[in-house]
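**Q** fold the following for me, if possible:
(one chain, ligands or ions: 1)
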Amino acid sequence: MASSPRPSAADAGATGPAIELRSVTKTYRTGTLALGPIDLNIGRGKFVSLLGPSGCGKSTALRMIAGLAAPSSGRIEVGTASPRGRGEHPIGFVFQEPTLMPWASIRHNVALPLKLAHVASTEIARRVDEVLARVELSEFADAFPRELSGGMKMRASLARALVTRPDILLLDEPFAALDEITRFRLNDDLLALWRELQMTVVFVTHSVFESVYLSQRVVVMTPRPGRIAASFDIDAPTSRGEEFRLSADYAAQCREVSRALASASEGALSTREARA
Ligand SMILES: Nc1ncnc2c1ncn2[C@@H]1O[C@H](COP(=O)(O)OP(=O)(O)OP(=O)(O)O)[C@@H](O)[C@H]1O
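**A** Just a heads-up that it's a prediction; the model follows:
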């Protein structure tokens, strides 16, 4: 029998939350209330997706977790492990666009965060080689971004985030512009990296299918202002693949999450209509 995703309780993880948002809101200077209030706990080592329609504030939430923007009210706490060495950063960020420097080779693009942190050149070379191997780009280390496919550019962008050895990896719709086959492959590779490196991952997407395939937990958001409409624990093994993607369990969980997303959107629509 196909299983349903379970509505999830607060997720503190094995050793307390890696990320905690308490009554967080964000109003931009333009007066746009983009987000909240939101309460969210993400346990250490978890893979959580934020799923919502375009403009619901997913990127805003991610940027605030990364410390790239401040909340207008509320509190965000990000707990990371251990003191860091030079060129190491607790949070890695992968943007929607690969944002590579077109004039620099892939090796130099990936090395950038280490160069900015004045890491010794021998260590830079070692760490860049290591991370390029992880994302299967060793052969293209000396290529320029224009010589790479969209998927490969995204791998390079992922490598640039991983080279700082983050505990927490934040990804903002990284695969949205890729064809389906490339996206599936990158989904699997991202899951393998997550398992191997034991990071906490927060993944922003507007794809129900992608969120259910990847995550241990899917947080469904309402349209702007983004609030949490529902949260589901995904019932699946941590190691996923074609078998899971084609399973009745996967289809059933996608249906349920999809329904929650539709009803969150309809709820917001009828509230707006009632106000008009
Ligand atoms: N710097 C800004 N100044 C003013 N308004 C902003 C700013 N950044 C985002 N917004 C607005 O805040 C709302 C949420 O934007 P955000 O980019 O966080 O949504 P999103 O869910 O990530 O959207 P998408 O899926 O399209 O990337 C939108 O209405 C957007 O126009």
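
**Q** just the terminal-to-terminal distance for stretch 134-149.
**A** The straight-line separation of the ends of stretch 134-149 (Cα to Cα, to the nearest Å) is 18 Å.

**Q** verify the stated contact: residue 198 with residue 45.
**A** Yes - applying Cβ atoms under 8 Å as the test, residue 198 and residue 45 come out as touching, 5.5 Å apart. To be clear about C-beta, it is placed using only N, CA and C from the backbone, and glycine gets the same treatment.

**Q** show me which residues of the stretch 51-200 of the chain sit near the ligand.
**A** Counting by Cβ under 6 Å from any ligand atom, the stretch 51-200 of the chain comes close to the ligand at 52, 54, 55, 56, 57, 58, 59, 60.

**Q** that older thread, which of residue 198 and residue 45 has more neighbours?
**A** Between residue 198 and residue 45, counted using other Cβ atoms under 10 Å, residue 45 has the larger neighbour count: 19 against 11.

**Q** which parts of this structure are strands?
**A** Across the chain, reading from the start of the chain, the strands by DSSP state E fall at 6-7, 17-27, 33-43, 47-51, 73-78, 91-94, 168-172, 200-205, 217-221, 228-233.

**Q** between the ones you listed, which one is closest to residue 158.
**A** strand 91-94 (5.7 Å; Cβ to Cβ).

**Q** helices or strands up against the closest one?
**A** For strand 91-94, the contact count by 3 or more Cβ pairs under 8 Å, 6 or more residues apart in numbering; DSSP states H and E identifies helix 150-162, strand 168-172 as packing neighbours.

**Q** can you pull the buried residues of the longest one?
**A** Residues 151, 152, 153, 154, 155, 156, 157, 158, 159, 160, 161, 162 are the ones in helix 150-162 that count as buried (16 or more other Cβ atoms under 10 Å).

**Q** just give me the closest of the residues of the stretch 51-200 of the chain next to the ligand to residue 33.
**A** Nearest to residue 33, judged by Cβ to Cβ, of those is residue 57 at 8.9 Å.

**Q** ok, what's across the strand from the closest residue to that closest one other than its chain neighbours?
**A** Spatial nearest neighbour of residue 57, chain neighbours left out: residue 226 (3.2 Å); criterion: Cβ to Cβ, 6 or more residues apart in numbering. Bridge pairing for residue 226 (DSSP bridges) gives the partners residue 35.

**Q** swap in residue 168?
**A** When bridges are taken as DSSP bridges, the partners of residue 168 come out as residue 91, residue 200.

**Q** tell me how many other residues crowd it.
**A** Other residues near residue 168 come to 24 when the count uses other Cβ under 10 Å.

**Q** so it is in contact with residue 43, correct?
**A** No - with contact defined as Cβ under 8 Å, residue 168 does not reach residue 43; the gap is 11.6 Å.

**Q** circling back: looking at the residues of the stretch 51-200 of the chain next to the ligand, which are in helices?
**A** Among these, DSSP state H puts 58, 59, 60 in helices.

**Q** mind putting those residues in TSV, pLDDT, distance to residue 123 and neighbour count included?
**A** Written out in TSV, the entries for these read as follows (pLDDT from 0 to 100; distance: Cβ to Cβ, whole Å; neighbours: other Cβ atoms under 10 Å):
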residue	pLDDT	distance to residue 123	neighbour count
58	92	35	26
59	93	33	22
60	95	35	24
